[in-house]
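[1] got a sequence here, can you build the structure:
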Amino acid sequence: MLNTINIIATAAFPWRTGTAILALFRAFHLAEKGLDVVLYIPWLEPSEQILLFEKDLVFSSQKEQKEYIHAYLPPSTGASLKIEFYPATYKKQWGSILPTGSLSQNIRACDWLILEEPEHLNWKHPWNSFKPKATRVTGIVLTHYRYYCQHAFPYLPFLPWLLERYNQWLISRHCDDVILLGSAISPLPHSQQLNTSGIHPSFFTHPPLKEHSKTIYFMGKLIWEKGFRELIDLLADTEVQEIDIYGMGESKKAIDEYAQKKQIQLNFKGNSSQPAQDLKEYKIFINTSRSEAICTTTAEALGQGKFVIIPEIPGNDAFYAFKNCCSYSSPQAFNEQLQFALTHTPEQDEQIHSLSWDAAIEKLLKYYNNELV
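    Alright, predicted model coming up:
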């Protein structure tokens, strides 16, 4: 019988990256089911926190960060989620947080251990020993690392192949079974494609769009791999020459310079501490990123009743059935979808419940009980 669950994440809120937010809410909603859940997240020193968190969010102690995280979560109706930290450091050149020691030595024994991004957690410490600590170890693969590597090292074609093989070995070594969050990720032994993530409930409560509503935005990390070159090039061939951008990242200056050459105005808004509130008046979300297994910000926009304009790629397969999804496969199709979204009103869509955490956790527990085929 399932009673105790440990979840180890590669990132920690308030870094607004999918790997931090998805792990946090997965753990919270499992705890709401009455399960004894501990979420293990990386602790960064204040000097590194300022590289990732908003300017006024620097925590001098783990207790402060823990209180901030609990305040962000919805009101609890059951046992409260337990949060523990592990020592870590931020590698700016990789854009990733990495553990600074062995993780397996410092976690409690449990029935089910979930490793979020199992390859990432073990890159520097491949000899971690998780299986003696848990009856079952499941990896959730969220990130298309081969894609990132291909774009970071375009002149070293063997490197993405080598990284993928190393990742596959790490995942097989540490996990009994694997959940692939989207079809963009190559199949692995003992793996199943299953979207076990949801969106914050605040995205389901929003007023109808007004005539003077803001028009277009993008939210994501400010790095080239999030599709900024494609976004700018596509907009340059349309009548729309301006878009609001939410997020932070090391490529902001270069992205802005490229946009100016193409005469596209990017309005950088920084990180949002309350995205559902800040984004509620927008009508259209454009996401040209091709790097995700499945994109949380696209799901949030659909949940909030917006048009989403996205490329036709495997990582977006889960979104095509939604009424307000406008997909494209060419610059001409992008322009047509943009014109449609500008001149129409988003429809109500009963399918958005499938984006909720209730639906996601139900699928995850069925998966654990081998009730999904």
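
[2] how about the helices in the stretch 101-250 of the chain?
    Taking DSSP state H, counting those that start in this stretch to define them, one finds helices in the stretch 101-250 of the chain at 118-122, 145-152, 158-174, 228-236.

[3] please identify the most buried of those.
    helix 118-122 (a mean of 25; mean count of other C-beta atoms under 10 Å). Where you see a C-beta, it was placed from the backbone N, CA and C, and this is true even at glycine.

[4] list the helices and strands that one packs on?
    Other helices and strands packing on helix 118-122, by 3 or more C-beta pairs under 8 Å, 6 or more residues apart in numbering; DSSP states H and E, are strand 96-99, strand 134-141, helix 158-174.

[5] if we go to 7 Å?
    helix 158-174 (3 or more C-beta pairs under 7 Å, 6 or more residues apart in numbering; DSSP states H and E).

[6] how far off helix 145-152 does the helix it packs on point, in degrees?
    Calculated by axes from the mean of the first three to the mean of the last three C-alpha atoms, to 10 degrees, helix 158-174 forms an angle of 160 degrees with helix 145-152.

[7] ok, and what's touching helix 158-174?
    By C-beta atoms under 7 Å, 6 or more residues apart in numbering, the residues outside helix 158-174 that reach it are 115, 118-119, 122, 126, 128, 130, 137, 139, 141, 145-146, 149-150, 153, 178, 188-189.

[8] ranking helices and strands of the chain by mean pLDDT, which lands last?
    When each helix and strand of the chain is scored by mean pLDDT, DSSP states H and E, helix 145-152 comes last, with a mean of 75.

[9] check which helices and strands that one sits against.
    With contacts taken as 3+ C-beta pairs under 7 Å, 6+ apart, helix 145-152 sits against helix 158-174.

[10] show me what the mean pLDDT comes to for the helix it packs on.
    Across helix 158-174, pLDDT averages out at 89.

[11] output that helix as CSV, nothing but the C-alphas.
    Taking Å, rounded to 0.1, in the frame of the first residue of the first chain, the C-alpha atoms of helix 158-174 are listed here in CSV:
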residue,chain,number,x,y,z
PHE,A,158,28.7,13.9,-31.8
LEU,A,159,28.1,15.7,-28.5
PRO,A,160,24.3,15.6,-28.4
TRP,A,161,24.5,11.9,-29.3
LEU,A,162,27.0,11.3,-26.5
LEU,A,163,24.9,13.2,-24.0
GLU,A,164,21.7,11.3,-24.9
ARG,A,165,23.5,8.0,-24.4
TYR,A,166,24.9,9.1,-21.1
ASN,A,167,21.4,10.3,-20.0
GLN,A,168,19.8,7.0,-21.1
TRP,A,169,22.4,5.1,-19.0
LEU,A,170,21.8,7.2,-15.9
ILE,A,171,18.0,6.9,-16.2
SER,A,172,18.2,3.1,-16.6
ARG,A,173,20.6,2.7,-13.7
HIS,A,174,18.6,4.7,-11.2
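
[12] what's the closest residue to Ser76 other than its chain neighbours sitting at in phi/psi?
    Leaving aside its chain neighbours, Ser76 sits nearest to Glu32 (6.8 Å; criterion: C-beta to C-beta, 6 or more residues apart in numbering). In terms of degrees, to the nearest 10, the main-chain angles of Glu32 are phi -70, psi -20.

[13] check Glu32 and give its pLDDT.
    Confidence score, pLDDT, at Glu32: 93.

[14] correct me, but it touches Thr77?
    Yes - with contact defined as C-beta atoms under 7 Å, Glu32 and Thr77 form a contacting pair (6.1 Å).

[15] where does pLDDT dip in this protein?
    55, 78-79, 183-184, 207-208, 210-213, 372-373 (pLDDT under 70).
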